Each structure stands twice: as structure tokens, then as C-alpha cells.
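S.K.: Pasting a predicted model and its sequence here:
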Amino acid sequence: MNDIKVAVLGGEAVGKSALIVRFLTRRFIGEYASTTECIYRKRLSIDGRQVNLELYDPCSQSCDEKSTLNDQIHWADGFVVVYDISDRSSFLTATAIIHLIRELNLGTPKRDADSVVFLVGNKQDLCHIREVGRDEGQRLAAEGRCQFYELSAAEHYQEVALMFSKMVRNASLGGKAKERRRRPSGSKSMAKLINNVFGKRRKSV
């Protein structure tokens, strides 16, 4: 059984947790209770193969510093880099993250050099206050050798599910099998996830 580890990165309030929860539970959350990084686990069947997926969510952390990303790059098989199409600054953060992923991979073996990276423009439902054009996202994805998606965690469960499934499939086919060094801290079961999502304390995502 394959183990696939995916880090979901981006600036604050871009919807990282909302995307993960939408994929894992089909439910959309507009607020999120946790302010600490965590890892969620899910067993999937991809092309007839069983896959153990681990999703890393930095929650309120922006993850735009090289020291933080360095640990995550050694841990992850793939990256979902998220920005909010209605927030120009979040797109700049996503740009910096993609550049750092590529920069930090320069010293890795050839088979690891092109990490699986998906660039996701979230909150498509806010297109009436869009600050980042779809063409800009496509251009950044082409420059960073990423796959590009523009969607809405609030409205598009099927697109969110397809995006994560394709990420897992691509990461699995890559056969990276990295030596696992220190992993991001924190791990939560589905029960804990539900408690966080629908708990008393809430934090916007």
C-alpha cells in the first residue's frame, strides 16, 4: 500500500482548511476552529490501488518562509499551493511559495527535482470582486511547472475531489518514495477533524 503525503500551503484565509475539509467530509466550512498545524489521514482507492493519504494543513501559518518550507519539502510528495482570487496579496504569497519549492529542490536528485505542485485559485464564487485574473494563475503555473485549477471550495465539491485525486495519482505515479525525515508535527483523526470544524471556537479560513 502506497503512502502519499501532500502539503496544502498558502497565505492566511485563502481556504486551505476549507479545501481539505470539503474533500474529506464533503461539507463546506466558512470558519475553522484550529490555529495549529495538523495532519489528516484518509485511505483512498486510486486506479484499483489502496493509498494512505496524509494531508498537512498549516492552518493559520502562512508558510512563506524558507526554513518552514524546507521541512515540508523533505516530508511531502506533493504540494497544493492555494491563493484567493479576490486577494492580490495571497497570489504574491503563492508565487513566493512556488519559487521556494523549486529553489529548494535544486539540490535534490533528478527524480525528485520536479515535485508535484498544483496551483489552486480558490473562492471562484467571489469572481465579482476578483483581483487575480485566471490568465495570471495559468501563467504562474506554466512558469512554475505546476498544474492549475481555479475553483470554489464553497460550491464545487466535485472539482475539489477531482483535484485532490489527481494530485494523489500523480504523486503516486512519481514513485518518489522519499526518505522520511522529520515530519510536520500534529496529527488528527476524522473524529477530531469534525470536532474542530464544528467546535465552539471558530477561525475564518
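M.R.: Perfect, I can see it now.

S.K.: Can you pull out the low-pLDDT segments for this protein?
M.R.: 1, 31-36, 59-69, 105-114, 174-205 (pLDDT under 70).

S.K.: which residues in it form strands?
M.R.: When assigned using DSSP state E, the strands of the chain occupy the ranges 2-10, 31-32, 38-46, 49-57, 78-84, 116-122, 147-150, 203-204.

S.K.: any chance of those in a markdown table, with distance to A161 and mean neighbour count too?
M.R.: In this view, the C-beta of every residue, glycine as well, is placed from N, C-alpha and C. Output for those, formatted as a markdown table (distance: least, Cβ to Cβ, whole Å; neighbours: other Cβ atoms under 10 Å):
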| stretch | distance to A161 | mean neighbour count |
| --- | --- | --- |
| strand 2-10 | 14 | 23 |
| strand 31-32 | 19 | 18 |
| strand 38-46 | 10 | 16 |
| strand 49-57 | 12 | 19 |
| strand 78-84 | 13 | 26 |
| strand 116-122 | 13 | 26 |
| strand 147-150 | 12 | 18 |
| strand 203-204 | 23 | 14 |
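
S.K.: which stretch among these comes nearest R169?
M.R.: R169 lies closest to strand 38-46 among these, at 5.4 Å (Cβ to Cβ).

S.K.: And stretch 95-108, what's buried?
M.R.: T95, A96, I97, I98, L100, I101, R102, L104 (16 or more other Cβ atoms under 10 Å).

S.K.: wait, which of those is closest to R88?
M.R.: The nearest member of those to R88, counting by Cβ to Cβ, is T95 at 10.7 Å.

S.K.: wouldn't that closest one be in contact with A141 here?
M.R.: No. Judged on Cβ atoms under 8 Å, T95 makes no contact with A141 at a distance of 10.6 Å.
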